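Novice: Take this sequence and fold it.
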Amino acid sequence: MQPQRLNNTIMSKYEIPFLTSAIQAFANRFAMTRQAAFRYLQQYKALAFLMEFYDVEHLQSMDDTIDDMLIVCRKNGGTLA
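Specialist: Below is the predicted model of the structure:
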């Protein structure tokens, strides 16, 4: 079985459910579809952040993870608050 990739980054079987959960939680907080949340998080670099810092982020609460994603998005031009 081939490892999963997102933007040419190899992801472990643990990262995929974490990213999926984070995207869904973000969508729920802002009353967005999963697709809209994914596009927003991809555009403003929050998904890259989560993959890079998975080792720290997956140990936090999902609320803290979403707050961290918002900070990253704002630094990259995102406007959600």
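
Novice: in this protein, which spans are strands?
Specialist: Using DSSP state E, the strands of the chain run over residues 4-6, 9-11.

Novice: How about Thr65, nearest residue that isn't a chain neighbour?
Specialist: Glu57 (5.2 Å; Cβ to Cβ, 6 or more residues apart in numbering). (Glycine included, C-beta is placed from N, CA and C.)

Novice: separation between the most centrally placed residue in the chain and Gln35?
Specialist: The residue lying closest to the centre of the chain (Cα atoms, centre = their mean) is Leu47, at 3.9 Å. For Leu47, the distance to Gln35 equals 13 Å [Cβ to Cβ, to the nearest Å].

Novice: about what we covered before: going by mean pLDDT, which of the strands of the chain comes out lowest?
Specialist: Comparing mean pLDDT across those, the weakest is strand 4-6, with a mean of 50.

Novice: Give the full set of residues in contact with the nearest residue to Arg29 once chain neighbours are set aside.
Specialist: Nearest non-adjacent residue to Arg29, counting by Cβ to Cβ, 6+ apart: Ile66, 5.9 Å away. Applying Cβ atoms under 8 Å, 6 or more residues apart in numbering, one finds that Ile66 lies in contact with Ala22, Ala25, Phe26, Arg29.
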